[in-house]
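1. here's a sequence, model it:
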Amino acid sequence: MILTTQDLLKKYSTYKNPKCKIARSVSSGEITQIVRGLYETNPNISAFWIANDIYKPSYLSFETALSFHGLIPEATPVMTSATHGKNKHKLYDTRFGVFFYRDVPARAYPRGLITIRFDEYKILVASKEKAITDILYVKPTVKTIDELKELLFLDLRIDEEKFDLLNKEKLITLCKLYNKNNHRLLIKMMQEE
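-> Numbering: from 1, shown residues only. Purely as a prediction, here's the structure:
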């Protein structure tokens, strides 16, 4: 379970020095520090389940979500997440893994997300369609549909058969939330098929 410093100060409020008790709990392995002010009670929890809590607001997306949904063949060693309004990238290298956060447009941020639960963990993950629109936002701009197909199916290695099963209406609706040529070309590609 994820706990903040405030949670622990409250939990250890009967101790003479709650901050020292937190330090002792970390030293003994009772809790593990993820980043400053954030702790985990399960030292073996997968990075997947804690990514949303390290940097807020955020949801898992990009290559991580593409891998989670089985759209790309590789597992991703870095948990990549989307955020908004930060205007910068954030990287956290922790005992649990490496976490990378990057911006997407604010109007696109809350759309196309799914909630996944596991025990006391609850995370937000981009839907298949949303993961594709997010990754197209951060990739270099392409100029033609052929270049877009090369980006999607050769560079990113998205499975074409699984791509063809995506909800095209959702994909088009999400693309309209971004102001990039990659998305305009994807809309055109969807409408031509």
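2. so what pairs up with the residue most central in space within the chain in the strands?
-> For the chain, residue 60 is the residue whose C-alpha lies nearest the centre (C-alpha atoms, centre = their mean; 1.6 Å). On the basis of DSSP bridges, residue 60 is bridged to residue 81, residue 125.
3. use 645 as the first number from now on
-> Understood, numbering begins at 645; the last thing we discussed is residue 704.
4. and residue 766, that's in a strand?
-> Yes: with DSSP: H, G, I helix; E, B strand; the rest coil as the criterion, residue 766 is assigned to a strand.
5. which residue packs closest to it, ignoring adjacent ones?
-> Spatial nearest neighbour of residue 766, excluding adjacent residues (C-beta to C-beta, 6 or more residues apart in numbering): residue 759 at 6.2 Å. To be clear about C-beta, it is placed using only N, CA and C from the backbone, and glycine gets the same treatment.
6. that neighbour: what secondary structure?
-> strand.
7. hang on, it packs against residue 765?
-> No: counting by C-beta atoms under 8 Å, residue 759 does not reach residue 765; the two are 10.8 Å apart.
8. those two: who's more crowded?
-> For the pair residue 759 and residue 765, the greater number of neighbours falls to residue 765 (17 against 9), based on other C-beta atoms under 10 Å.
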